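Chemist: Requesting a structural model of the entry that follows:
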Amino acid sequence: MKLNKKGFTLVELLAVIAILAILMLLITPNILNMFTQGKKDLFKTQVQRIWKAADSQYITDMMKGNQPGPYCYEGPRDDSTKRDGENPLSISESNLMYYVNFDADGNVQTLKVSDGTYFYDSTEPDFKLALDKTDGKPAKDISLKCNTGTLNKTE
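Modeler: Next up is the predicted model:
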């Protein structure tokens, strides 16, 4: 009588499952770190877009003879009414809260941006250098008030 052996033994299957489990334990943290870093990089790009949009709007307002800035948006809401002190920029980043103020020379003096998860709050003189150093700081609860330019956060 000849036995026709097909398939894998239970020991072989358990060995493969153990190897796969070990690989998953080693790989999962790296994948999660990549997702987190991607979110931080996206936020940094959004901060740069806010800064460039505010700079462009400042120049436009100056050329039209209008009083430029500060530019502020307190974030998404259900109704379309403008909040006290809001002066939003024409950008598609509707999930962001921001406050941008300029000094007398037309340089960014204050920049505060949040997406509800990360925030950027800088009053450093060299804004570009400060932005290069940031990677987005996480916070639990973030709110912004345009009439005072206050970014409230709990970490």
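
Chemist: Quick one: distance of stretch 10-24 to the chain centre.
Modeler: Distance of stretch 10-24 from the chain centroid (Cα atoms, centre = their mean, to the nearest Å) equals 39 Å.

Chemist: What are the buried residues along that stretch?
Modeler: Within stretch 10-24, not a single residue qualifies as buried, counting by 16 or more other Cβ atoms under 10 Å. To be clear about C-beta, it is placed using only N, CA and C from the backbone, and glycine gets the same treatment.

Chemist: any residues touching it, and which ones?
Modeler: Outside stretch 10-24, the residues that touch it by Cβ atoms under 8 Å, 6 or more residues apart in numbering are F8.

Chemist: swap in stretch 102-119?
Modeler: 39-40, 43, 46-47, 50-51, 54-55, 58-59, 62, 68-70, 75, 95-101, 120-123, 127, 136-139, 142, 144, 149, 151, 153.

Chemist: Buried only: go through those residues for me.
Modeler: 40, 43, 46-47, 50-51, 54-55, 58, 68-70, 75, 96-101, 120-122, 127, 136, 139, 142, 144, 151, 153.

Chemist: which residues in the chain form helices?
Modeler: 10-64, 127-133 (DSSP state H).

Chemist: a markdown table for those, including distance to S114 and mean pLDDT?
Modeler: Output for the helices of the chain, formatted as a markdown table (distance: least, Cβ to Cβ, whole Å; pLDDT from 0 to 100):
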| stretch | distance to S114 | mean pLDDT |
| --- | --- | --- |
| helix 10-64 | 9 | 89 |
| helix 127-133 | 15 | 55 |
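
Chemist: got TSV for those helices, with distance to T110 too?
Modeler: Below are these laid out as TSV (distance: least, Cβ to Cβ, whole Å):
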stretch	distance to T110
helix 10-64	11
helix 127-133	9
